[in-house]
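[1] Here is my input, please return the structure:
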Amino acid sequence: MEIKTIEELVGMFKDSRISELSVTTGAEEKTTIRLRKELAQPAMQHRIPPSREHPSSVETQPAYTAPEPDTSAYVVSPKVGIFHSIDSVGVVGAEIRTGQVLGSIESMKLMNDVISKYDGIIEEILIEDGMPVEYGQALFMVRLG
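    This next block holds a predicted model:
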């Protein structure tokens with residue numbers, strides 16, 4: 001892959017809302033480029049206190065509401081290797097249980113099960129079948145419940 005192509009990819013990635021990109025090229029001599037970034041959180045807006053001289057300019061703030069509890073979790077890769085999905089399980093909307101095998105990671109010609117630690121429903125699949133994964137990489141987002 002040429003440097004100019006890599007620079008163009010980085011430029012497009014930097015300006016996009018994508019948080020992770022992996023590109024593999026070449027038939028015999030493969031080149032893989034992985035880009036990852038943290039998406040910026042929206043900046044908190046600070047409220048300027050109203051002037052005491054002008055009581056009509058007093059603004060009312062909405063009552064504080066506690067953030068909703070996080071109702072999703074991620075199933076992560078237990079090893080570095082190649083991810084292999086299970087067709088009946090690896091689909092959005094599939095109901096899963098704690099201890100259920102969701103796929104496998106091929107590492108050094110051995111298959112290692114990806115096991116769910118949660119009861120819930122698969123909301124999002126974050127990796128494709130046959131793609132390389134790293135230890136701790138999120139594979140599935142699960143809505144708990």
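
[2] Pull up the pairing partners for the helix or strand harbouring Ser104, direction included.
    Per DSSP states H and E, Ser104 falls inside strand 101-107. Strand 101-107 has its sheet partners listed here by DSSP bridges as strand 81-85 (antiparallel), strand 110-115 (antiparallel).

[3] Give the buried residues for the next helix or strand after the last one.
    Spelled out, that is strand 110-115. As assigned by DSSP H and E, the chain's next helix or strand after strand 110-115 is strand 120-125. For strand 120-125, a neighbour-count test (16 or more other CB atoms under 10 Å) marks Gly120, Ile122, Ile125 as buried. For glycine as for every other residue, the C-beta is placed from the backbone atoms N, C-alpha and C.

[4] Closest to Ser85 out of those?
    Nearest to Ser85 out of those is Ile125 (CB to CB; 7.9 Å).

[5] and the closest one, what does it touch?
    Ile125 makes contact with Ser85, Gly90, Val91, Val92, Leu139, Phe140 under the criterion CB atoms under 8 Å, 6 or more residues apart in numbering.

[6] cool, and Ile82?
    For Ile82, the contacting residues are Ile105, Glu106, Ser107, Gly130, Met131, Pro132, Val133, by CB under 8 Å, 6+ apart.

[7] Spatially nearest residue to the fifth one, not counting backbone neighbours?
    Of all residues not flanking Met131 in the chain, Phe83 sits nearest, at 5.6 Å (CB to CB, 6 or more residues apart in numbering).

[8] what bridges to the one you found?
    With DSSP bridges as the criterion, Phe83 is bridged to Ile105.
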